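S.K.: Give me the fold of what follows.
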Amino acid sequence: MKRLKRGIILEVIILFACGTLMIGVFTYFTQQVLTDASVKGQTEKMASNMADETIAAIKEYPSYRWLIRYWRDHAEEMDVEYDADYNAGTETEKKFELLCERHPDLKPKYADTEEIEALPPEDQKLFAEVTYSWLITRVDQIKSANEIAFLFGVLASNNYREQFFLFSGADPGSERGTEYGQVYTLGVTSEVSRGQIEGMRQAHRTNRQLVDAGDYVDYYVYVETIDNQDLMIGLTYDLSELNERISRSTWNGTVLAMILELLLAWVFLGMIYRVVLQPLKTIQENIRLYMDRKDSDEVCRNLAEIKSANEIGQLSADVCNMTIEIDEHMDHIREITGEQERIKAELSLASNIQSSMLPTIFPAFPEKAEFDVFATMDPAKDVGGDFYNFFLIDDDHLCLLIADVAGKGIPGAMFMMATQIMLRNNGSECTSPSEILEKTNERICANNPEDMFVTIWLGVLEISTGKLTAANAGHEYPAICKKDGIFELYKDKHGMVVGAFEGLKYKDYEIQMEPGDRIFVYTDGVVEATNEDNQLFGTDRMIEALNENADAPSEVLANVRKSVDEFIGQAEQFDDLTMLCLEYKGSK
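M.R.: Now for the predicted structure:
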């Protein structure tokens, strides 16, 4: 007993420790995820603002499209002064004064494309160099003021595998050049990584796209397309230092919280042992005592020592009452077992009666060489609500039908038998499938207090000509296979289910059956058969099974049943599986 008590305590300690550890780990990672999402959200918002500011700096010049084309086409010819301020004495300032001296009426910041194109080539170059220096200085300011690792504008090829650098922002003292690690100058062409390619493509579709690259975050903004090249603004933020600070702070907070939780756990552990574990042990010992001796009086005396007024005290009283009631229930169980055996025998008899009402001898009409018919019905329970039938109305007309009652078990089986009798009687009296269904609907609706209904497909085959006249009362679509062809769904027009309302009308349709043609009808238990992953068998799999090699209707049905069984595996059959197949062979 002492060993068992130590075992319970140890288990509780392990549970507390594991719970504390799990809470700590969950808290740590949750905080990391939430913080990371918050940082990236704020970064994306800030990057969007900076991209808009950069785009505004480009579009500040009315002739910016002309400038971009000129910078692209004359990158190697341009004499650009990078990272210059706006103070007097710079080369850019001298070029600006020279341009104004040559063209006093020209206002470079406000000149449109038409004005620029009217300038001589050397002055166009001068204008492009001055505006580029102004733009790169503005881009430098945006980058430096907002702690952006990289800020650049590129023209991307239509497959985004290469990018032509128009400008790159630089911090004071940064080295510009064409090598990796330097701040790229105008005209540098580089390959684009796979992640950047996807980011640019998404930006082209959605205008803006954030790309997570670990400690770095790339942000792309699509501006417009110029000569089949996308003008993109790119920003990169280095979050490594920020992420490290956040991770360290989160870890320290999580460890401190776990230490406090463990200290509190030890205090509560002692209280739990006295209030919970000791009484539970007493209850457990007396349960074992009852298992050995079946003495409910002794068990109840021992459990009376537990005075707790909480759930454990109630559990003690419940165990006492349970031991008293178990003996009473044993006699009752014996009575129930006998009753179940009687019901099982009656269900077996009902199943035999139901089966006897369906034609099960094949070949069904050995004297009729013009057709071959085969059908099966596998109920989901001992008795089912599906049924089929086929019978000769006269020497030249064969009636075929298949139906599915809305209900299973005994009620469905009783309704099925009544409906089948009505259909058989009406089939002998009426001249068309629609009339048979209408008469059956009248008789069911006349006395249907439980509002049950049934779906029916019914067809009448004129044996001498192969003309099949059919009507559908809310049943599944039939599948038809022409000679040397394949099975395909025949989407006939559905009427309302039989038994729903009085006065329903149904419409006949005709199918000309040629020698070698087949028709297959079935209930929804076939297409709605469900496997262990809760997937439906479906009409596509059914059609595939129908089109497997089969020489006779019986083999067609066997192929479908095999395919259904393989699909559902160990899953329980929840609906009746009923199928019927007719092959028309024609007159010999």
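
S.K.: Skip ahead from the lowest-mean-pLDDT helix or strand in the chain and say which helix or strand is next.
M.R.: The helix or strand of the chain with the poorest confidence is helix 311-357; it has a mean of 72 (mean pLDDT, DSSP states H and E). Moving toward the C-terminus from helix 311-357, the next helix or strand (DSSP states H and E) is strand 371-378.

S.K.: Okay, buried residues for that next one please.
M.R.: Neighbour-count burial for strand 371-378 flags F371, D372, V373, F374, A375, T376, M377 (criterion: 16 or more other Cβ atoms under 10 Å). All C-beta atoms are positioned from the backbone trio N, CA, C, and that covers glycine.

S.K.: Now do stretch 407-426: distance to the chain's middle.
M.R.: Chain-centre distance of stretch 407-426: 40 Å, with Cα atoms, centre = their mean, to the nearest Å.

S.K.: so where's the stretch 151-300 of the chain uncertain?
M.R.: 242-243 (pLDDT under 70).

S.K.: That one: strands as residue ranges?
M.R.: Under the criterion DSSP state E, counting those that start in this stretch, strands of the stretch 151-300 of the chain are mapped to 162-168, 176-177, 183-184, 189-191, 208-213, 216-226, 229-238.

S.K.: Domain boundaries for the chain, per the record?
M.R.: When the chain is parsed with automatic domain parsing, its domains come out as 1-41+247-329, 42-242, 359-584.

S.K.: Same list (those domains) but as TSV, adding distance to E341.
M.R.: TSV is the format used below for those (distance: least, Cβ to Cβ, whole Å):
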stretch	distance to E341
domain 1-41+247-329	18
domain 42-242	67
domain 359-584	14
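
S.K.: winner for burial among these?
M.R.: Of all these, domain 359-584 has the most neighbours on average by mean count of other Cβ atoms under 10 Å, namely a mean of 18.

S.K.: Straight-line length of that one, end to end?
M.R.: Its first and final residues considered, domain 359-584 spans 19 Å by Cα to Cα, to the nearest Å.

S.K.: How far off centre is it?
M.R.: With Cα atoms, centre = their mean, you get 34 Å for domain 359-584.

S.K.: Please give me every residue in contact with the spatially closest residue to Y584 that is not a sequence neighbour.
M.R.: Residue nearest to Y584 in three dimensions, not counting chain neighbours: M513, with 4.0 Å by Cβ to Cβ, 6 or more residues apart in numbering. Listed by Cβ atoms under 8 Å, 6 or more residues apart in numbering, the contact set of M513 reads L461, G466, K467, L468, I519, Y584.

S.K.: and which of these is nearest A550?
M.R.: I519 (13.8 Å; Cβ to Cβ).

S.K.: Does the closest one lie in a helix or a strand, and which?
M.R.: According to DSSP H and E, I519 maps onto strand 518-522.

S.K.: Need phi/psi at T578.
M.R.: Dihedral pair for T578: phi -130, psi 130, per degrees, to the nearest 10.

S.K.: tell me what the helix or strand containing T455 is packed against?
M.R.: T455 is part of strand 454-462, with elements assigned from DSSP H and E. Judged by 3 or more Cβ pairs under 8 Å, 6 or more residues apart in numbering; DSSP states H and E, strand 454-462 is in contact with strand 397-405, helix 409-429, helix 433-446, strand 467-473.

S.K.: And the ones you listed: which comes nearest L577?
M.R.: Nearest of these (Cβ to Cβ): strand 397-405, 10.7 Å.

S.K.: Can I get that closest one as CSV, trimmed to CA atoms?
M.R.: Output of strand 397-405 as CSV, limited to C-alpha atoms (Å, rounded to 0.1, in the frame of the first residue of the first chain):
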residue,chain,number,x,y,z
HIS,A,397,-43.3,-6.2,-71.4
LEU,A,398,-40.9,-6.4,-68.5
CYS,A,399,-41.3,-4.1,-65.5
LEU,A,400,-38.1,-3.1,-63.7
LEU,A,401,-38.0,-1.0,-60.5
ILE,A,402,-35.7,0.0,-57.7
ALA,A,403,-36.6,2.1,-54.7
ASP,A,404,-35.2,3.6,-51.5
VAL,A,405,-37.5,4.2,-48.5
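
S.K.: For that strand, which strands pair with it and how are they oriented?
M.R.: Strand 397-405 pairs in its sheet with strand 386-394 (antiparallel), strand 454-462 (antiparallel), by DSSP bridges.

S.K.: could you check the angle helix 409-429 makes with that strand?
M.R.: 160 degrees (axes from the mean of the first three to the mean of the last three Cα atoms, to 10 degrees).

S.K.: Now the strand holding T455: average pLDDT?
M.R.: The average pLDDT for strand 454-462 rounds to 96.

S.K.: Show me the shaky parts of the stretch 351-500 of the chain.
M.R.: 351-356, 382-384, 408-409.

S.K.: if I look at A473, how far off is P433?
M.R.: 9 Å (Cβ to Cβ, to the nearest Å).

S.K.: Are there residues contacting both of the two? Which ones?
M.R.: The overlap between the contact sets of A473 and P433 (Cβ under 8 Å, 6+ apart) consists of L458, Y506.

S.K.: surely I13 meets L269?
M.R.: Yes: using Cβ atoms under 8 Å, I13 makes contact with L269 at a distance of 6.8 Å.

S.K.: Of the contacts of M513, which pair is most distant in space?
M.R.: K467 and I519 (12.6 Å).

S.K.: Now for these two: what residues contact both?
M.R.: Shared contacts of K467 and I519, counting by Cβ under 8 Å, 6+ apart, come down to I511, M513.

S.K.: which residues touch the closest residue to T92 other than its chain neighbours?
M.R.: Of all residues not flanking T92 in the chain, S133 sits nearest, at 4.0 Å (Cβ to Cβ, 6+ apart). Neighbouring residues of S133 by Cβ under 8 Å, 6+ apart: V80, E81, Y82, A84, T90, E91, T92.

S.K.: Just the element for S133, please.
M.R.: Per DSSP H and E, S133 falls inside helix 121-145.

S.K.: that older thread, can you list the residues that contact the next helix or strand after the strand holding I519?
M.R.: Under the assignment DSSP H and E, the closest C-terminal helix or strand after strand 518-522 is helix 524-527. Outside helix 524-527, the residues that touch it by Cβ under 8 Å, 6+ apart are 380, 386, 404, 476, 536-539, 542, 560, 564, 573, 575-579.
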